[in-house]
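Asker: I would like to see how this sequence folds:
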Amino acid sequence: MLGGTEFVGRATTEDALARGWEVTVFHRGRHEPPKGVASLHGDRTAEGGLQALNDGEWDAVVDTWSSAPSAVRDVARLLDGRVGRYAYISSRSVYQFPAPAGSGEEAAVVGGSPGEGDDVDYATAKRGGELAATQVFGERALLVRAGLVLGPYENIGRLPWWLTRMARGGAVLAPGPRDAGLQYIDARDLATWTLDAVEQELGGPFNLVSPPGHTTMGEFLETCIQATGSDAELVWTSPKEILDAGIQPWTDLPVWLPPGEAYDMMHQGNVAKALSAGLRCRSVQETVTDTWEWLQSIGGRAPQRPDRPVVGLDAETEAKFLRRRPG
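Answerer: Residues are numbered from 1 along each chain as shown. Below is the predicted model of the structure:
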């Protein structure tokens, strides 16, 4: 496991351990890995940072890297001949925008290169990582194109922000439409499917997210209220009102996108291929409740990846908007 101490990597490591697998975690040492792994330290961005991987053989590697594709290229080349399969956790962001509703793995992708450094955007970096893994491992490279990822250990802040906001109670800006379907993947379901796919010796790209309409915006927010036991009151608001106020979808109001091209691409993707390969998605109630329990267990403050912006509408802006809103 390249990484293995945070969010998707940690969920994958814990799933592998639960299967009785022998797991080696290669990480920088900033966070403790789950108990029971063999721990190797190194920094794949530093000169000589892969030295700990110079020896050893593994049946498979799972790589969650999301920055310079050259880091994927370098480690794939180093492990060539000593690893059976290479599972790269990519992203549905690799598809050219706007990918229409119902698009599957055949949709056009962005450009990318295995040798690119740090100065590339997220989509280009992920596509370059895919190419790097495929360049070395060919059909033995599994490209897991994850959608929106939620669940315990989240270090992006989307679901933790909504849970924290609901726990605070009071009137809550709820972005409509209430019945808008949401697609996401619980990190644990992502982990389970990925390791199952490794066992099945699958290769190539797979969209990994729940089916369209797995839940709705209304059910998602109501479940956050139920999980926290708060007295929060949802104030359902039209997309136009929100956008006219300068409140940003996805960043100010995590998970939410107004109807349009971005919504169609993010929440209307085709996942038939992954479903036919065994994808199973737990309920939104389980994802939300488990995330709240985890958040409370660590003191209520979620970890934040330093390379990602902090998400969520600040309390003053929300209160100001609700005061001015007619009715």
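Asker: measure Leu163 to Gly181 for me?
Answerer: Relative to Gly181, Leu163 is positioned 21 Å away (criterion: C-beta to C-beta, to the nearest Å). C-beta coordinates here come from the backbone N, C-alpha and C atoms, glycine included.
Asker: of the two, who's got more company?
Answerer: A count of neighbours by other C-beta atoms under 10 Å puts Leu163 above the other of Leu163 and Gly181, at 25 against 17.
Asker: Ser39 is in contact with His27, isn't it?
Answerer: Yes: Ser39 lies in contact with His27 (C-beta atoms under 8 Å); the separation is 7.2 Å.
Asker: residue contacts, the most centrally placed residue in the chain?
Answerer: Residue closest to the average C-alpha location in the chain (C-alpha atoms, centre = their mean): Val149, at 3.2 Å. Going by C-beta atoms under 8 Å, 6 or more residues apart in numbering, Val149 touches Phe7, Val8, Ile156, Tyr184, Ile185, Asp186, Ala187, Leu190.
Asker: quick one: which of these is nearest Gly218?
Answerer: Comparing the contacts of Val149 against Gly218 with C-beta to C-beta places Tyr184 closest, at 14.9 Å.
Asker: which of the contacts of Val149 tops the neighbour count?
Answerer: Among the contacts of Val149, Ile185 has the most neighbours (other C-beta under 10 Å), with 29 neighbours.
Asker: so which residues of this protein form strands?
Answerer: Assigned by DSSP state E, the strands in the chain fall at 24-27, 38-41, 58-63, 83-91, 141-146, 149-150, 171-175, 181-182, 185-186, 204-208, 215-216, 233-237.
Asker: out of those strands, which one sits most buried?
Answerer: Sort the strands of the chain by mean neighbour count, taking mean count of other C-beta atoms under 10 Å, and strand 185-186 sits at the top with a mean of 26.
Asker: which strands or helices does that one pack on?
Answerer: On a contact count with 3 or more C-beta pairs under 8 Å, 6 or more residues apart in numbering; DSSP states H and E, strand 185-186 meets strand 149-150.
Asker: direction included, what does the strand it packs on pair against?
Answerer: strand 185-186 (parallel) (DSSP bridges).
Asker: can you list contacts of the strand it pairs with?
Answerer: 146-151, 208-210, 281-282, 286-287.
Asker: tell me the gap between that strand and the middle of its chain.
Answerer: 8 Å (C-alpha atoms, centre = their mean, to the nearest Å).
Asker: before we move on, what about stretch 261-277?
Answerer: Using C-alpha atoms, centre = their mean, the offset of stretch 261-277 from its chain centre is 14 Å.
Asker: what about this protein, any weak spots by pLDDT?
Answerer: Residue ranges of the chain with pLDDT under 70: 327.
Asker: burial measure for Asp121, as a count.
Answerer: For Asp121, using other C-beta under 10 Å, the count is 9.
Asker: now, which of the contacts of strand 185-186 sits nearest Leu253?
Answerer: Leu148 (13.3 Å).
Asker: list the contacts of the nearest residue to that closest one once chain neighbours are set aside.
Answerer: Excluding the flanking residues, the one nearest Leu148 by C-beta to C-beta, 6 or more residues apart in numbering is Tyr184, at 4.1 Å. Counting by C-beta under 8 Å, 6+ apart, Tyr184 touches Gly147, Leu148, Val149, Leu150, Val209, Ser210, His214, Thr215, Val255, Thr287.
Asker: thanks a lot, catch you later.
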